[in-house]
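Visitor: Below are the sequence and a predicted model; questions follow.
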Amino acid sequence: MINENLKDIKSILIVEDELLIARQIKIALLNHGYLCAGIAINYKAAKEILETTKVDLVLLDVKISGRKTGLDVALLLNALYSIPFLFITSYNDANSLHKIKELSPKGYINKPINEITVLTTIDIIFDNLKDETEKFVNINIGTTTYNIQISDLLYIKSEHVYVRLYYKKRKMLIRCSLKKFIETMPKNLLIRVSRSCAVNINFIENIGTSSLEVYGENIKISPNYKINLKYLNRDL
C-alpha cells in the first residue's frame, strides 16, 4: 500500500565522493522530510541509481571519483532523464562556473556547505517545480492544438485510434495514440499500467497486487506493466 503522502515526498540522489559530506547531507535531508535515493561517488554509480530508483532531484559535485565528472552526470540528466539538479561544489573559478551555467542547473551552492542554505534551496526548487506542473500543456495533433490541464488529469485510456482523457469532473477525446500522448506530456507525469491505460502519478492513492486506486476509482494493473510501479510499491 502506498503512503497517502508519497506524492509529496521527494527522493534526492547525492553525487559526491567525499563520503563524510555526502552522509551529512543525507542526514539533513532525512531530518527535513525528504528521501535519499542513494549516494553515488562516481558516474557509473549515479547512472545505476537513476536506472533503478525514483529520483526527483540530484545534488551534484563537479569533482567526483573516476574519469567522468559531475558535469557529465548533468549532461546525462539533461539528455535522458529531464531530472532537475543542483550543484554543490567548491569549484568557483570563472571557467567552471561558465560550464555549470551552460548545463542549466536549478541552482549552485558553494562549499563548505551550510545545511540551512541547502535545504532552503531544495525547498524553493520543488515549490517552483510544483507551480510548473500546475500549468496547462499545449500539444499539436495534426492541425489541431489541444490545451491540456495536466494538474487535473487523472488518467488516460486508448480507444482504437483515440485516447480518452479522464479529469475529475469531465472527459475529453483526442485522436492520438496512447504512446504518442504520453510522449508529449512532462516526463514521468503519466505511468503506463496496462496496454491501454496510463495514470497520473500525482493522483495514485493506493497500489495493490493487481490494481491501483486513482481518485477513488480502481484501475487494473497488467502483469507486464508492474515494473513501472516498483519504485512506488516494493511489494509488487
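Guide: Yes, it's here.
Visitor: CA atoms only: put the longest helix anywhere in the chain into PDB for me.
Guide: In the chain, with assignment by DSSP state H, the single longest helix is helix 115-133. Provided in PDB are the C-alpha atoms of helix 115-133 (Å, rounded to 0.1, in the frame of the first residue of the first chain):
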ATOM      1  CA  GLU A 115      22.700  22.800   5.800                       C
ATOM      2  CA  ILE A 116      20.000  25.500   6.100                       C
ATOM      3  CA  THR A 117      21.100  27.000   2.700                       C
ATOM      4  CA  VAL A 118      21.000  23.600   1.000                       C
ATOM      5  CA  LEU A 119      17.600  22.600   2.400                       C
ATOM      6  CA  THR A 120      16.000  26.000   1.700                       C
ATOM      7  CA  THR A 121      17.300  26.000  -1.800                       C
ATOM      8  CA  ILE A 122      15.900  22.500  -2.300                       C
ATOM      9  CA  ASP A 123      12.500  23.600  -0.900                       C
ATOM     10  CA  ILE A 124      12.400  26.500  -3.300                       C
ATOM     11  CA  ILE A 125      13.300  24.300  -6.300                       C
ATOM     12  CA  PHE A 126      10.400  21.900  -5.500                       C
ATOM     13  CA  ASP A 127       8.000  24.700  -4.900                       C
ATOM     14  CA  ASN A 128       8.900  26.100  -8.300                       C
ATOM     15  CA  LEU A 129       8.500  22.700 -10.000                       C
ATOM     16  CA  LYS A 130       5.100  22.300  -8.400                       C
ATOM     17  CA  ASP A 131       4.000  25.600  -9.800                       C
ATOM     18  CA  GLU A 132       5.200  24.400 -13.300                       C
ATOM     19  CA  THR A 133       3.200  21.200 -13.100                       C
END
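Visitor: these two touch, right, residue 17 and residue 64?
Guide: Yes - using CB atoms under 8 Å, residue 17 is in contact with residue 64, at 4.7 Å. Where C-beta positions appear, they are placed from N, C-alpha and C, glycine not excepted.
Visitor: any shared contact partners between these two?
Guide: Listed contacts common to residue 17 and residue 64 are 41-42; contacts here mean CB atoms under 8 Å, 6 or more residues apart in numbering.
Visitor: Give me the more crowded residue out of the two.
Guide: Between residue 17 and residue 64, counted using other CB atoms under 10 Å, residue 64 has the larger neighbour count: 23 against 17.
Visitor: residue contacts, the more buried one?
Guide: Contacts of residue 64 by CB under 8 Å, 6+ apart are 15-17, 40-43, 70, 73.
Visitor: Go again with 6 Å.
Guide: The neighbourhood of residue 64, defined by CB atoms under 6 Å, 6 or more residues apart in numbering, consists of 17, 42, 70.
Visitor: May I see the buried residues of the helix or strand containing residue 183?
Guide: Assessed by DSSP states H and E, residue 183 sits inside helix 178-184. By neighbour count with 16 or more other CB atoms under 10 Å, helix 178-184 contains the buried residues 178, 181-182.
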